[in-house]
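*Asks:* could you look at this predicted model? Sequence included:
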Amino acid sequence: MFEAIRLLRVFMRVSILAELQYRTNLYVQLLRSALSFVTGIAGLGVVFSHTSNLAGWRPGDLLIVLGVYYVISGVIRFAIQPAMERLMQDIRSGTFDYVLTKPGDSLTLVSVRATATWRLIDVALGVAVITFAMVRNDSAVSPWDVAAFTIGLLAAVVTVYSFLVILSTMSFWFVRLENILVIFQSMYEAGRWPVEIYPGWLRAALTFVVPVAFAVTVPAGALAGRISPEMLAGAVALAITLAFAARRFWFIGLRHYAGASA
C-alpha cells in the first residue's frame, strides 16, 4: 500500500509537469468539467420543478447522489482510466515488456503510472456538492451515517477499480479493447441518478453487470440514511471479492502475454 502511494506521488508530479507544458489544454479541460457540473445541477433543477421527490429521493438526497457521482468519476478519470488505457496500448504495441522488467508488483505499477491530475477538480466539486446537500437537508447525521458513507465510498472505489482491471486484462487475449472503457463510461453516466428510478431490467444491469449501483447509489444512500447494514455489508463483500478476482485474473493474463519479440 505504501509503495503504491509513493509511486502515485512520483507519477503525479510527472503528470503535473506535463500538463503545465500545455496550459491552454488544461484550461479547456477545466472548462469542460465546469460545464458538466452545471449541466448536472441544471438537470436536477428541471426534474424538481415538476415533482417534489423522485422514487422517494428528495432534492437534497439527489444532490448527494450527484456529489458521489462526481467524486467517483473524478477518481476514475484521475488515475484508473488513464492507467488502464495506457496498459491496453502497451500490450497492443509490445511496450508492456518494459513494465515487466521493472522491480515491484506489476499490477501496482500499471495502476499508478498514468494520471490526469486536473481531474481531481471533479473530486473537489463532488465534495462541495455533498457538503452543500448536507447543509441544505439540515438533518442530523449520525456517526453511523458517516462511517457507512466512508466505508461505502472506499468499497465503491475498490469495486470500480477491480472491475476495470478485469476488463483491461482481457487485452492479453483481444487486440483492441479501448472501446470497452468508453462503453463503461457511458453506462456509468446513469449513476447521476439513483438506480431505483430505472426499469427493472436496467436496474439489474446497473447492479449485477456494471456495478454502478454499488459505485454511486450505495454510498450516497448511506449518507442519506437510505441503506441497511446488510446492503452495506454486501457492497463491502462485493468489493473484496472483485479485488481478489481482478488480481487473480491479472496474473492469468500475464501468462498469456507473448511480448514484443513474439
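*Replies:* That came through, no problem. Numbering: from 1, shown residues only.

*Asks:* and residue 258, how far is that from residue 170?
*Replies:* As defined by Cβ to Cβ, to the nearest Å, residue 258 lies at a distance of 15 Å from residue 170. C-beta: built from backbone N, CA, C; applies to glycine.

*Asks:* same deal with residue 44?
*Replies:* Per Cβ to Cβ, residue 44 is found 36 Å from residue 170.

*Asks:* ok, now residue 204?
*Replies:* Distance from residue 204 to residue 170, by Cβ to Cβ: 23 Å.

*Asks:* settle it for me: which of residue 258 and residue 170 has more neighbours?
*Replies:* Each of residue 258 and residue 170 has its neighbours counted (other Cβ atoms under 10 Å); residue 170 has more, 14 against 9.

*Asks:* hmm, that one is touching residue 178, no?
*Replies:* No - applying Cβ atoms under 8 Å as the test, residue 170 and residue 178 come out as separate, 11.6 Å apart.

*Asks:* element containing residue 257?
*Replies:* Following DSSP states H and E, one finds residue 257 outside all helices and strands.

*Asks:* quick one: residues contacting it.
*Replies:* 91, 96, 100, 172 (Cβ atoms under 8 Å, 6 or more residues apart in numbering).

*Asks:* can you get me a residue count around the first one?
*Replies:* So the one you mean is residue 91. 26.

*Asks:* and if you look at residue 159?
*Replies:* 25.

*Asks:* list the contacts for it?
*Replies:* 211, 214-215, 235, 238-239, 242.

*Asks:* mind checking pLDDT for it?
*Replies:* According to the prediction, residue 159 has pLDDT 94.

*Asks:* swap in the one 3 residues further on?
*Replies:* Confidence per residue is given as pLDDT, and for residue 162 that number is 94.

*Asks:* how long is stretch 198-217 end to end?
*Replies:* End-to-end distance of stretch 198-217 (Cα to Cα, to the nearest Å): 12 Å.

*Asks:* got the contacts of residue 159 as a markdown table, with pLDDT columns?
*Replies:* Output for these, formatted as a markdown table (pLDDT from 0 to 100):
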| residue | pLDDT |
| --- | --- |
| 211 | 87 |
| 214 | 87 |
| 215 | 89 |
| 235 | 91 |
| 238 | 93 |
| 239 | 94 |
| 242 | 94 |
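
*Asks:* between these, which is closest to residue 70?
*Replies:* Nearest to residue 70 among those is residue 215, at 12.1 Å by Cβ to Cβ.

*Asks:* report the buried residues of stretch 113-126.
*Replies:* Along stretch 113-126, these residues count as buried under the neighbour rule (16 or more other Cβ atoms under 10 Å): 113-123, 125-126.

*Asks:* quick check: mean pLDDT across that stretch?
*Replies:* Averaged across stretch 113-126, the pLDDT comes to 83.

*Asks:* who are the contact partners of residue 240?
*Replies:* Residue 240 neighbours (Cβ under 8 Å, 6+ apart): residue 158.

*Asks:* so it: helix, strand or coil?
*Replies:* Here residue 240 is recorded as helix under DSSP: H, G, I helix; E, B strand; the rest coil.

*Asks:* ok, it to residue 165 distance?
*Replies:* In this view, residue 240 and residue 165 are 14 Å apart by Cβ to Cβ.

*Asks:* tell me where the model's unsure across the stretch 51-200 of the chain.
*Replies:* Within the stretch 51-200 of the chain, the stretches with pLDDT under 70 are 51, 55, 138-140.

*Asks:* do a quick rundown of the helices in the stretch 151-262 of the chain.
*Replies:* For the stretch 151-262 of the chain, applying DSSP state H, counting those that start in this stretch gives helices covering 178-188, 200-204, 212, 218-223, 229-254.

*Asks:* could I get the buried residue list for stretch 44-54?
*Replies:* Those would be 44, 54, for stretch 44-54 by 16+ other Cβ under 10 Å.
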